[in-house]
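[1] Sequence unavailable; structure follows:
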């Protein structure tokens, strides 16, 4: 075939130009404009969505987007101007309602208009970077309605007035409020904030300032707190109901500042109802309120804590330095425990067990307990009392609770070694006189002390228990080996290891012959099995049970001290004995002898001896007789038990001296330990390290430490550095 | 000597006269200092003096003072020595002598100590001894030597076998020593000790007192309470303050 044919099949570009009639654009616009009018006039039902959409589409397609857009702006603005007028003429309460209604209308209209103009929204507007239809509608509403001079201020004042009404107890239309506020939020957060929130916060601040002033003048602390709490909750509720959730923090800040922060000090210090009063009267509810409210405010809690601390310290200080309460140690300690329980409960119930409050409590106790130098002694006496009788019939758990509480007080002590000394003394008496009511409780406390202070603290105490047990076994062995003694007086010996037990001067006296021979037999028995040991009899610590028959045949069993036994046995051989004779025969030291005779001759109900003259004091010329007229309801009569007493002044001094003496080697050991590991160290650091190491037992005195260092230099454990005299060197 | 030039010979002569050294030592010293007399003296005095003293002379001297029954110089001998030297037995220069001798205790010198000391001082005759007195006095002015002598005094003055120095002996020594050193508090210190302390003085307290006297000024303005001073010194400062001797830093 020829090429010509092929040429005929060329396809050419479409050259037919479609010319749009300019009048076409105008006509199309008019249609749409009309539709917008109808929509705003609630006449949308007669419109065809499809037709309108197509018209808008065509306009944009044919490059008439500009005309469409500007037309939209003009038309909508015109309508909004009308609407604005109608809102402005609304009277009173109808104002908001009208605004709300028109807003809803506008939204509906806007929705429809946007649907119609969707093609423009999606193509023309992004290309020209104009405001999309919906947003345009909102902006126009904002500009023509909300920010119109007449409406803007009226709207704000109306809203604020309603809030105020509600605050004063009136009921308002919350739904309406919610809608209006939502409208503002929809218009943009800056609109909400500028046109409502900011002024709202200012007015609220003013309101609460006035209200809080009013309350504080007429209410007591508890009432004020109640009211503040109510207001706070109200505001939170208000936000939840009809404000932007972001406003909650802001409005609560306002309330907190005006009602709480500004009046914090005055509230706390209110006479008769302030914090101190609440603490004294255990007003848990009010305290809890205060805690929760003050928690919201900077420095609120620390203010409560500070006031509580200073009050507690003052109370504690009075408690501890009160002369009256020092007379009864058990009472003294019980009051401390009660005080601690009280505050524990307060912190637990009202202060949500806050750690910082616990710490404040602990530091306060630590402060005032150590103000009285006898606290360690008293705590030991308290424990002594409980272990002797106070724990009879108490359940195991309750025992643990009491001991744990005592341990808490123990922890506060700075001079724990003083406590140890007294505890040892009291424990010795309890063990030797068989006074412990509850063995388990004793051991439990030792375990607690060991956990707290380490093995060294309790090793001697445990040694004491071991001695008691070992002595039992020894006695069994003794009587097993000497069956011939089974008929004679029963001897019970406690062999105490020196060093574990509190040091006592060894005072002997003359025992009655029967006892003396028995004791000798025991001594040889014991030394037979334990060579290399030395036994010394401590006659000032023993007891004896003797059967006595009095003038009218009345028989009694007397429980007496060893000294008393020696004295009484003398009367087996004489009817009358003078003081001097007794002294000579028994060789009991004078003060002990006098006390011993006094307890047997001058105490009602225990007067197994009769004395001439019948005075209360023992004179060196007195004469003694067995009191044949002695009577007692009981068969067993206990005379003159030595109970652990609060020490007399000279005894106290002596104990303190011994404690000071004991501290010296401890300080030296600490210095040597530190210098051995550090080799070279300057003076101030040595003092600091030693104090730290000994902290768990007692507070070391820097002067004392210095003296010990000098002693160590003297004994060539340390030397001063030749270049710097403030530095010490360890000498191996 | 004949090998030397006239000038040198003169110098050797001069040297021997002044120092009392032998010719051999004189030559040694002058050669070492390039025949300058000053340098030679320095050289000579910084050397440990060993061999130029005549041992026989020393024997003679020793025998003069030694106790008839023991091989030591005892109190009588020392008194005689002091007389010969025309010094008071309490004179502090005797302490310096003892220091050179490294004497272990006061009021007696062993033969060895006597010999050691005199050899160290270059003395083998009484004349030489007398000459050296002023030198020994001058040694007390030297800070370092004074400290050594002071610290030596503690061991020397205390009883044999004791660790501490008896209080009255210590006070006596302090009076003597601080007369040289001019410490303004020496009397107050002694009073304080007699009133408050009444116990022996430890070595540490002794040596630290010198440091205290040296470093702390009379108004106590640079006294540091945390300065690791012995406890006794701290108490002394308190005493001064209590009794108004120091008031507001004024003495």
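    Structure received. Computed from a predicted model, the values in this text were never measured in an experiment. Numbering: from 1, shown residues only, chains lettered A, B, ... in the order given.
[2] Next up, identify which helix or strand the closest residue to chain B within the stretch 501-650 of chain A is on.
    Chain B sits closest to residue A:650 of the stretch 501-650 of chain A, with a gap of 25.4 Å, by CB to the nearest CB. (Each C-beta comes from the backbone N, C-alpha and C, glycine too.) Under the criterion DSSP states H and E, the helix or strand holding residue A:650 is helix A:649-678.
[3] And that helix, what's buried?
    Judged by neighbour count (16 or more other CB atoms under 10 Å in any protein chain shown), helix A:649-678 contains these buried residues: A:655, A:656, A:659, A:663, A:666, A:667, A:668, A:670, A:671, A:674, A:675.
[4] Redo the residues you listed as JSON lines? Include pLDDT and distance to residue B:54.
    As requested, these are arranged in JSON lines below (pLDDT from 0 to 100; distance: CB to CB, whole Å):
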{"residue": "A:655", "pLDDT": "84", "distance to residue B:54": "72"}
{"residue": "A:656", "pLDDT": "86", "distance to residue B:54": "69"}
{"residue": "A:659", "pLDDT": "88", "distance to residue B:54": "68"}
{"residue": "A:663", "pLDDT": "92", "distance to residue B:54": "63"}
{"residue": "A:666", "pLDDT": "92", "distance to residue B:54": "62"}
{"residue": "A:667", "pLDDT": "94", "distance to residue B:54": "59"}
{"residue": "A:668", "pLDDT": "94", "distance to residue B:54": "55"}
{"residue": "A:670", "pLDDT": "94", "distance to residue B:54": "60"}
{"residue": "A:671", "pLDDT": "94", "distance to residue B:54": "54"}
{"residue": "A:674", "pLDDT": "94", "distance to residue B:54": "57"}
{"residue": "A:675", "pLDDT": "93", "distance to residue B:54": "52"}
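[5] Same list (those) but as JSON lines, adding distance to residue A:363.
    Written out in JSON lines, the entries for these read as follows (distance: CB to CB, whole Å):
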{"residue": "A:655", "distance to residue A:363": "28"}
{"residue": "A:656", "distance to residue A:363": "26"}
{"residue": "A:659", "distance to residue A:363": "25"}
{"residue": "A:663", "distance to residue A:363": "25"}
{"residue": "A:666", "distance to residue A:363": "26"}
{"residue": "A:667", "distance to residue A:363": "26"}
{"residue": "A:668", "distance to residue A:363": "31"}
{"residue": "A:670", "distance to residue A:363": "26"}
{"residue": "A:671", "distance to residue A:363": "29"}
{"residue": "A:674", "distance to residue A:363": "28"}
{"residue": "A:675", "distance to residue A:363": "33"}
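[6] and which of these is nearest residue B:244?
    Comparing those against residue B:244 with CB to CB places residue A:656 closest, at 32.8 Å.
[7] Now that closest one: closest residue in space that isn't a chain neighbour?
    The spatial neighbour of residue A:656 that comes closest, neighbours along the chain excluded (CB to CB, 6 or more residues apart in numbering or on different chains), is residue A:418 at 7.6 Å.
[8] Quick check: mean pLDDT of the helix or strand hosting that neighbour?
    In this structure, residue A:418 sits in helix A:416-432 according to DSSP H and E. Averaging the model's pLDDT scores along helix A:416-432 yields 88.
[9] if we look at it, which residues are touching it?
    Applying CB atoms under 8 Å, 6 or more residues apart in numbering or on different chains, the set of residues contacting helix A:416-432 from outside is A:376-377, A:379-381, A:383-384, A:387-388, A:410, A:413, A:435-436, A:442, A:453, A:457, A:460-461, A:464-465, A:468, A:494, A:501-502, A:541-542, A:642-644, A:655-656, A:658-659, A:662-663, A:666, A:696-698.
[10] go on, stretch A:203-214?
    Stretch A:203-214 is contacted by residues A:160, A:163-164, A:167, A:228, A:231, A:235, A:251, A:254-255, A:257-259, A:262-263 when judged by CB under 8 Å, 6+ apart.
[11] for the host helix or strand of residue A:301, packing partners?
    Secondary structure from DSSP H and E places residue A:301 in helix A:300-321. Secondary structure elements in contact with helix A:300-321, counted by 3 or more CB pairs under 8 Å, 6 or more residues apart in numbering or on different chains; DSSP states H and E, are helix A:264-268, helix A:275-280, helix A:284-295, helix A:329-350, helix A:355-369.
[12] what sits against the closest residue to residue A:411 other than its chain neighbours?
    The spatial neighbour of residue A:411 that comes closest, neighbours along the chain excluded (CB to CB, 6+ apart), is residue A:452 at 6.8 Å. With contact taken as CB under 8 Å, 6+ apart, residue A:452 is in contact with A:407, A:410, A:411.
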